[in-house]
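Participant: Fold the following for me, if possible:
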Amino acid sequence: MRLARDRIHSHEPSWQVCDMAQVVLVVGLLFAKTVYQELEVDTEMQHGLLPGCLALAAKFVPTMKQVRRGCVLHTFLHIFAHSFMGV
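Facilitator: This next block holds a predicted model:
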């Protein structure tokens, strides 16, 4: 029988950490993609570098709040469904 202290110092691979890192990476990429689309970076940058950057800077905080408000619940439910229910 293995003791708790043996498990702590064990050199077995921790697949749970790798899975969690992958989940965080995927959620982060999806969040970044959504922010990029909501900011309409391509259309703003067609006006030029400086005007585009100024327009993006003005829209950044409201867009982040909007995306965060809309994505947090949806993302949590999606991760929960895939991780725990096997959907």
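
Participant: now residue 47, what's its secondary structure?
Facilitator: At residue 47 the chain is in coil, as set by DSSP: H, G, I helix; E, B strand; the rest coil.

Participant: Pop out the phi and psi values for it.
Facilitator: Main-chain torsions, residue 47, degrees, to the nearest 10: phi -80, psi -10.

Participant: Just list the residues touching it, thanks.
Facilitator: Contacts for residue 47 (Cβ atoms under 8 Å, 6 or more residues apart in numbering) come out as residue 55. In this view, the C-beta of every residue, glycine as well, is placed from N, C-alpha and C.

Participant: go with 10 Å
Facilitator: 53, 54, 55 (Cβ atoms under 10 Å, 6 or more residues apart in numbering).

Participant: Can you tell me which of the residues you listed is closest to residue 68?
Facilitator: residue 55 (20.5 Å; Cβ to Cβ).

Participant: what about the closest one, distance to residue 26?
Facilitator: When distance is defined by Cβ to Cβ, to the nearest Å, residue 55 is 29 Å away from residue 26.

Participant: neighbour count winner among these two?
Facilitator: Neighbours around residue 55 and residue 26, counted as other Cβ atoms under 10 Å, are more numerous at residue 55. The numbers are 18 against 13.

Participant: Touching, the more buried one and residue 63? I think so.
Facilitator: No - the criterion here is Cβ atoms under 10 Å, and residue 55 misses it with residue 63 at 11.3 Å.

Participant: Please identify every residue contacting each of those two.
Facilitator: Residues touching both residue 55 and residue 63 (Cβ under 10 Å, 6+ apart) are 39, 40.

Participant: ok, the contacts of residue 47 vs residue 38, which is closest?
Facilitator: Residue 38 lies nearest to residue 55 out of these, by Cβ to Cβ, at 13.2 Å.

Participant: Now the closest residue to that closest one other than its chain neighbours: which helix or strand?
Facilitator: Excluding the flanking residues, the one nearest residue 55 by Cβ to Cβ, 6 or more residues apart in numbering is residue 44, at 4.7 Å. Remark: residue 44 resides in helix 41-45, with elements defined by DSSP states H and E.
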